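A.B. asks: Following is a predicted model, sequence given first.
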Amino acid sequence: MSLAETKNVATNRYELVVKVDAEKFEAAIEKAYRKNVKKIDIQGFRKGHAPRKIVEKMYGEAVFFEDAINDLYPAALQEAMTESGLEIVARPEVEVTEVSKEEGFTFVAKCVTKPEVEVKDYKGIEVEKEVKEVTDEEIDRKLQNLQEKHARMVDIDDRAAQNGDTVVFDFEGFVDDVAFEGGKAEKFSLELGSGQFIPGFEDQIVGKSIGEEFDVNVSFPEDYHVDDLKGKPAVFKCKLHEIKFKELPILDDEFAKDASEFDTLDELKADLRTKAVEANEKAAETEVENKLIDTVIENMTGEIPEEMYEVRIDDMVRDFEYRLQMQGMNLETYLKYTGMELDSFRKTFAAQAEKQVKIRLALEKIVDLENITVDDEAVEAEYAKLAENYKMEVEKVKGFIPDEEFRKDMAVNKAVDLIKDSAKVTVK
């Protein structure tokens, strides 16, 4: 392999002309022949035993070219990108321009490179910090949340269903007297008033008693995710089996003992207030950092290739898909359930992806301007901290996060610290 030429064809766009010599190409053709010969049946030869020259004569000299090129070009491309010294930020487009047994083959890789940006006025940024006051109402809400967590469900058999109750019932939905897919369930549990079902459904269960059979008449919303049901009137045949009521514990010292490490309700409230104050302070610090970073990227100029945003969107979609898989779902099912196309789903990440790309470019530029470095001792300490957090061996962590990328991330974090430390923060 040889990098024959590096051409700058536009801002942040290069073409690498890469040649693979005849000797390597011949070896790859032979490899492709041996891989495929078992599938080839030529009259006069046992299947899988036809000589290469016969196969090439029968199917053409180029019969194994594609397999041979596909085998060689990834490594050749990687070698060429390294040799070029370019910081390539998106997968190159590759086009084979010449190919022959005598000369090997040549391909052109169209590359997008990291843009050169300018960042100014990133020190001494003026910003206001506002720490929200913790109110009694906020503490009451936190206590109510604790109540909810420690509530118990009580069976009700002496009255009809009310809003706030959880009912267990069977239902089957019909549109134009025809049952539709996904419209049937047995012993389904639903909290009345939660808004889980389409508008009007839950209201018609209120007032019904255990054992009662009844119809619920509703219309699907015009923007419903199933096209065949949008705006259609429907009838649900229902039977109510159970009514349950959520009984909240009394807020007293006994509750504090059961729900926390404290002996009295006053101690519990004091702890909730302390934690709320700390959380509000942390939120205010985060908001200050966000404002500072927003100002930095506003002060950044440069021509950023659209491909960088697309690559970041790809990463975000893959991360979302991984989290879905952890929950036993795949992206295709999720899109079908939400009624979204892949293109429109990707667009939901566009603004966030653009901001993240700009932030990274700005911070990396500051790292260069300030000559920020990270020493080996700091890197090893950070690896050790991650290993401890994830209960893994340090070497395994290093396998997941290469040293070069790790150093870049740490340097970028130091750039953020520099911006924060130099900022002029006014507390409201």
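C.D. replies: That came through fine. This is a predicted model, so every value here is computed, not measured.

A.B. asks: Which residue lies closest in space to Asp223, excluding its sequence neighbours?
C.D. replies: Lys230 (7.2 Å; Cβ to Cβ, 6 or more residues apart in numbering). C-betas here are computed from N, CA, C, even on glycine.

A.B. asks: ok now do the one you found, which residues does it touch?
C.D. replies: The contact partners of Lys230, by Cβ atoms under 8 Å, 6 or more residues apart in numbering, come to 220-224.

A.B. asks: Kindly recompute the last result at 7 Å.
C.D. replies: 220, 222, 224 (Cβ atoms under 7 Å, 6 or more residues apart in numbering).

A.B. asks: which one of those residues sits closest to Leu331?
C.D. replies: When the contacts of Lys230 are ranked by distance to Leu331 (Cβ to Cβ), Tyr224 comes first, at 21.5 Å.

A.B. asks: Skip the chain neighbours and tell me the closest residue to that closest one.
C.D. replies: Nearest to Tyr224 is Lys230, by Cβ to Cβ, 6+ apart, at 4.8 Å.

A.B. asks: hang on, the earlier thing: out of the contacts of Lys230, give me the one that has the most neighbours.
C.D. replies: Phe220 (20 neighbours; other Cβ atoms under 10 Å).

A.B. asks: if you skip the residues just before and after it, what's nearest to that one?
C.D. replies: In space, Phe220 is closest to Leu229, 4.5 Å off (Cβ to Cβ, 6+ apart).

A.B. asks: Pop out the phi and psi values for Lys114.
C.D. replies: phi -60, psi 130 (degrees, to the nearest 10).

A.B. asks: shouldn't Met410 be in contact with Asp375?
C.D. replies: No: assessed by Cβ atoms under 7 Å, Met410 is found out of contact with Asp375, at 9.9 Å.

A.B. asks: Which of those two has more residues huddled nearby?
C.D. replies: The neighbour comparison of Met410 against Asp375 (other Cβ under 10 Å) goes to Met410, with 18 against 10.

A.B. asks: So that one versus Val416, what's the distance?
C.D. replies: 11 Å (Cβ to Cβ, to the nearest Å).

A.B. asks: Check Glu242 too.
C.D. replies: Counting by Cβ to Cβ, the gap from Glu242 to Val416 is 54 Å.

A.B. asks: How about Asp258?
C.D. replies: Applying Cβ to Cβ to Asp258 and Val416 gives a distance of 43 Å.

A.B. asks: So if I had to pick from those two, which one is more boxed in?
C.D. replies: Shown here are Asp258 and Val416; by other Cβ under 10 Å, Val416 has more neighbours (16 against 10).

A.B. asks: what's the closest non-adjacent residue to the more buried one?
C.D. replies: Leu363 (6.6 Å).

A.B. asks: Just the C-alpha atoms of the host helix or strand of the one you found, please, in CSV.
C.D. replies: Assigned by DSSP states H and E, Leu363 belongs to helix 350-369. Extracted in CSV, the C-alpha atoms of helix 350-369 (Å, rounded to 0.1, in the frame of the first residue of the first chain):
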residue,chain,number,x,y,z
ALA,A,350,-30.0,17.0,16.0
ALA,A,351,-30.0,20.0,18.3
GLN,A,352,-28.3,18.2,21.2
ALA,A,353,-25.7,16.6,18.8
GLU,A,354,-24.9,20.0,17.2
LYS,A,355,-24.3,21.6,20.6
GLN,A,356,-22.1,18.7,21.8
VAL,A,357,-19.9,18.9,18.7
LYS,A,358,-19.5,22.6,19.1
ILE,A,359,-18.7,22.3,22.8
ARG,A,360,-16.0,19.7,22.2
LEU,A,361,-14.4,21.7,19.4
ALA,A,362,-14.3,24.9,21.5
LEU,A,363,-12.8,23.1,24.5
GLU,A,364,-10.2,21.3,22.5
LYS,A,365,-9.2,24.6,21.0
ILE,A,366,-8.8,26.1,24.5
VAL,A,367,-6.7,23.1,25.4
ASP,A,368,-4.4,24.0,22.5
LEU,A,369,-4.4,27.7,23.3
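
A.B. asks: for that helix, which positions count as buried?
C.D. replies: For helix 350-369, the buried set under the neighbour-count rule, 16 or more other Cβ atoms under 10 Å, comprises 353-354, 356-367.

A.B. asks: before we move on, what about stretch 139-153?
C.D. replies: Those would be 139, 142-143, 146-147, for stretch 139-153 by 16+ other Cβ under 10 Å.

A.B. asks: for the helix or strand harbouring Val277, packing partners?
C.D. replies: Per DSSP H and E, Val277 falls inside helix 265-298. Packing contacts for helix 265-298, counted by 3 or more Cβ pairs under 7 Å, 6 or more residues apart in numbering; DSSP states H and E, involve strand 126-129, helix 136-149, helix 253-259, helix 350-369, helix 403-422.
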